[in-house]
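[1] Just need the structure, nothing else, for what follows:
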Amino acid sequence: MSLASTLRQWLFRFGRDEQLPIVLTQRRIFIIPSKTGLLLAVVLGLMLIGAINYNLILGHALGVLRGGLGLVAMVHTFRNLVTLRLTPGRAEPVFAGETARFTVHLENTRQQPRRALDLAFGQNETISTNIPANASTTVAVPCQTTRRGLLDPGRITLSTYYPLGLFYAWSYPHPPLACL
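    Residues are numbered from 1 along each chain as shown. Below you'll find the predicted structure:
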């Protein structure tokens, strides 16, 4: 077994999630800077170097203010996914070559709405949704079929760039979904 497969198995716990509903916790959410976030970090570094070089107090203040904005954006991007509840629904049978639609129920138990949530199976079409505060919604996630028989779509990629697009947060829940 290679190091990459061992790491993948440890991170994502291969196999379906047995306990329903699936609750996204800290261990299940991953977050990295987006291209815009990396650009902000580079600009911040250049601003702070310039402020140090020319001894500009306002340059230091602006750099620290923008750095704080980046940290707040990171926290809010993470909070957009944490404690979200995901429950699998039913999928209608389809013919080979058609698009199967798997229903997934998303429940928001927080007082704040969840915005700009993207759901997809691998490289299939992405569906975006918003969930109001203390509410739930049902989303039909498409998955292209290629053969006959029982279709297991695999893991769902649940991701977001909200609120500023500086960070990308995602999770890979694996609910027990199947379609004939």
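[2] Which secondary structure state does Arg66 sit in?
    What DSSP: H, G, I helix; E, B strand; the rest coil gives for Arg66 is helix.
[3] which non-adjacent residue is nearest it?
    Excluding the flanking residues, the one nearest Arg66 by Cβ to Cβ, 6 or more residues apart in numbering is Leu44, at 5.6 Å. In this view, the C-beta of every residue, glycine as well, is placed from N, C-alpha and C.
[4] residues near the one you found, how many?
    By other Cβ atoms under 10 Å, 17 other residues sit near Leu44.
[5] Now name the helix or strand holding it.
    Following DSSP states H and E, one finds Leu44 within helix 35-54.
[6] And Thr83, by the same measure?
    Applying DSSP H and E, one finds Thr83 in no helix or strand.
[7] what does the model give it for pLDDT?
    Here the pLDDT value assigned to Thr83 is 91.
[8] Burial check on it, number of neighbours?
    14.
[9] Against Leu180, how distant is it?
    Counting by Cβ to Cβ, to the nearest Å, the separation of Thr83 from Leu180 is 33 Å.
[10] Break down this protein into its strands, ranges please.
    For the chain, the strands defined by DSSP state E cover 22-23, 30-33, 85-91, 99-107, 114-121, 127-131, 136-144, 156-160, 167-171.
[11] could you dump those to JSON lines with mean neighbour count and distance to Ile49?
    What follows is the strands of the chain, written out as JSON lines (neighbours: other Cβ atoms under 10 Å; distance: least, Cβ to Cβ, whole Å):
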{"stretch": "strand 22-23", "mean neighbour count": "20", "distance to Ile49": "43"}
{"stretch": "strand 30-33", "mean neighbour count": "14", "distance to Ile49": "19"}
{"stretch": "strand 85-91", "mean neighbour count": "16", "distance to Ile49": "44"}
{"stretch": "strand 99-107", "mean neighbour count": "18", "distance to Ile49": "44"}
{"stretch": "strand 114-121", "mean neighbour count": "19", "distance to Ile49": "34"}
{"stretch": "strand 127-131", "mean neighbour count": "15", "distance to Ile49": "39"}
{"stretch": "strand 136-144", "mean neighbour count": "17", "distance to Ile49": "46"}
{"stretch": "strand 156-160", "mean neighbour count": "23", "distance to Ile49": "32"}
{"stretch": "strand 167-171", "mean neighbour count": "20", "distance to Ile49": "23"}
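[12] so where's the protein shaky on pLDDT?
    Along the chain, the model assigns pLDDT under 70 to residues 1, 8-9, 11-18.
[13] can we see that at 90?
    1-28, 89-94, 96-100, 121-125, 143-156, 163, 172-180 (pLDDT under 90).
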